[in-house]
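**Student:** Prediction below, plus the sequence it came from.
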Amino acid sequence: MAENADAAAPHPLKIIAGADSFGAELKDALVSHLRSLNIDVEDLGTSDYYSIGAEVGRRVSSSDSSETTTRGLVACGTGVGVAIFANKNPGVFATTCLTPADALNTRSINNCNVLAVSGMSTSKESAVEILDTWLKTPFKAPCPASGLKPWDEKLSCFFDKSMTEMPLIGKNDKLDSDSSGSTCSICCLVKNRELNPVEMIPGGSMKIIRESPTSAIVRFKAGSVEPAHHHTFGHDLVVLEGKKSVWNLTKGERFDLTVGDYLFTPAGDVHRVKYYEETEFFIKWDGRWDMFFDEDLETAKKAVEKETA
């Protein structure tokens, strides 16, 4: 155990945990250990390493900024993939730790708030020691990287500054008009463009970028519902922000989509949509934009409520 355990920071109030199939057994052991310490754990279970890493990171990122003790725990075969995807979220500092020294260093230097462990390389006993060190080590504590001595004032100030600057990376997707930088080419299409309300569906707005074949940027407010409808032409979409579900009623399929996900809906397929967060997506039709409703809004809301209950 780390020598500075007596000067340890309080345990986090809550830990969000998840793993892929290669890390599930190790994650379960660590969740059991956390609960034995009376630490509140929300276990998201097992999923693909990229989706579980991103989801744990998203929840840590979106936690109330005043709740500084909310952290994450992720596990996969190597512990690397889940850390990469968790780190896609602003304000998340995920690190793969294979030894207690790794945990001591990353808590001290990086204020690591998501611990990633390897289900293939780390025993349960070693993982518990890594976890305990990670839990008990405060930010800027003496660590192997400092020769187990207190950090000097210059480095201490640098660490403090990094904590306020790093969370801002990735938060501002839209560049100032005089910026010489660049961003996603799809996002550039909507830069400085005003989206117009979609009168047929409350909460929706859209900007047509090209006519026939049609390309558009569409945005919906959180809680919005698109009643079951179909189009004359098939369409492709890519989610840029937010989270939504699409029920293809023709095929009896459901698709849960978040940032970066793609979906093609064939011509004539009847589909219903629910938006859980403010969501923006790029969409392309094979022909001109059209929309034919197969139910009213109230019917759609009741159906969605039943599906998501």
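**Tutor:** Nice, thanks for sending it over. What you see is a predicted model, and the numbers here were worked out from it, not measured in a lab.

**Student:** check contacts around the spatially most central residue of the chain.
**Tutor:** The centroid of the chain falls nearest to Arg58 when counting by Cα atoms, centre = their mean (3.0 Å). Going by Cβ atoms under 8 Å, 6 or more residues apart in numbering, Arg58 touches Asn89. Heads up, the C-betas are built off the backbone N, CA and C, glycines and all.

**Student:** could we number from 27 for the rest of this?
**Tutor:** Got it, first residue is 27 now, which makes that one Arg84.

**Student:** pLDDT score assigned to it?
**Tutor:** We note a pLDDT of 92 for Arg84 in this prediction.

**Student:** From Leu174, how far off is it?
**Tutor:** Arg84 is 35 Å from Leu174, where distance means Cβ to Cβ, to the nearest Å.

**Student:** Lowest mean pLDDT among the helices and strands of this protein, which one is it?
**Tutor:** Sorting the helices and strands of the chain by mean pLDDT, DSSP states H and E puts helix 211-216 at the bottom, at a mean of 54.

**Student:** next helix or strand past it?
**Tutor:** Downstream of helix 211-216, the first helix or strand assigned by DSSP states H and E is strand 222-223.

**Student:** Show me what counts as buried in the host helix or strand of Ala242.
**Tutor:** Under the criterion of DSSP H and E, Ala242 resides in strand 241-246. Judged by neighbour count using 16 or more other Cβ atoms under 10 Å, the buried positions of strand 241-246 are Ser241, Ala242, Ile243, Val244, Arg245, Phe246.

**Student:** For the nearest residue to Ala171 once chain neighbours are set aside, give its distance to His59.
**Tutor:** For Ala171, ignoring the flanking residues on the chain, the nearest one in space by Cβ to Cβ, 6 or more residues apart in numbering is Asn131 at 4.8 Å. For Asn131, the distance to His59 (Cβ to Cβ) stands at 21 Å.

**Student:** neighbour count winner among the two?
**Tutor:** Neighbours per residue (other Cβ atoms under 10 Å) separate Asn131 from His59, with Asn131 holding more: 21 against 17.

**Student:** separation between the residue nearest to Ala171 and Asp158?
**Tutor:** Where Asp158 is concerned, Asn131 sits at a distance of 15 Å (Cβ to Cβ).

**Student:** contacting residues around Glu81?
**Tutor:** Counting by Cβ under 8 Å, 6+ apart, Glu81 touches Gly44, Leu70, Ser73.

**Student:** next one: Thr122
**Tutor:** Thr122 touches Thr104, Gly105, Val106, Ala109, Asp128, Ala142, Val143, Ser144, counting by Cβ under 8 Å, 6+ apart.

**Student:** can you do 7 Å?
**Tutor:** Applying Cβ atoms under 7 Å, 6 or more residues apart in numbering, we find Thr122 in contact with Gly105, Val106, Ala109, Ala142, Ser144.

**Student:** Can you spell out which residues form a bridge with it?
**Tutor:** Ala142 (DSSP bridges).

**Student:** OK, contacts around the residue of the chain most remote from its centre?
**Tutor:** Largest separation from the mean C-alpha position in the chain: Lys175, at 35.9 Å (Cα atoms, centre = their mean). Going by Cβ under 7 Å, 6+ apart, Lys175 touches Pro168.

**Student:** so which strand or helix has it?
**Tutor:** Secondary structure assignment for Lys175, by DSSP H and E: no helix or strand.

**Student:** hang on, the earlier thing: the strand holding Ala242 - contacts with which helices or strands?
**Tutor:** For strand 241-246, the elements it packs on are strand 230-236, strand 305-311, judged by 3 or more Cβ pairs under 7 Å, 6 or more residues apart in numbering; DSSP states H and E.

**Student:** Rounded mean pLDDT for it, please.
**Tutor:** 91.

**Student:** now the helices for the stretch 227-335 of the chain?
**Tutor:** 323-334 (DSSP state H, counting those that start in this stretch).

**Student:** From Leu181, how far off is Glu51?
**Tutor:** Distance, Glu51 to Leu181, using Cβ to Cβ: 39 Å.
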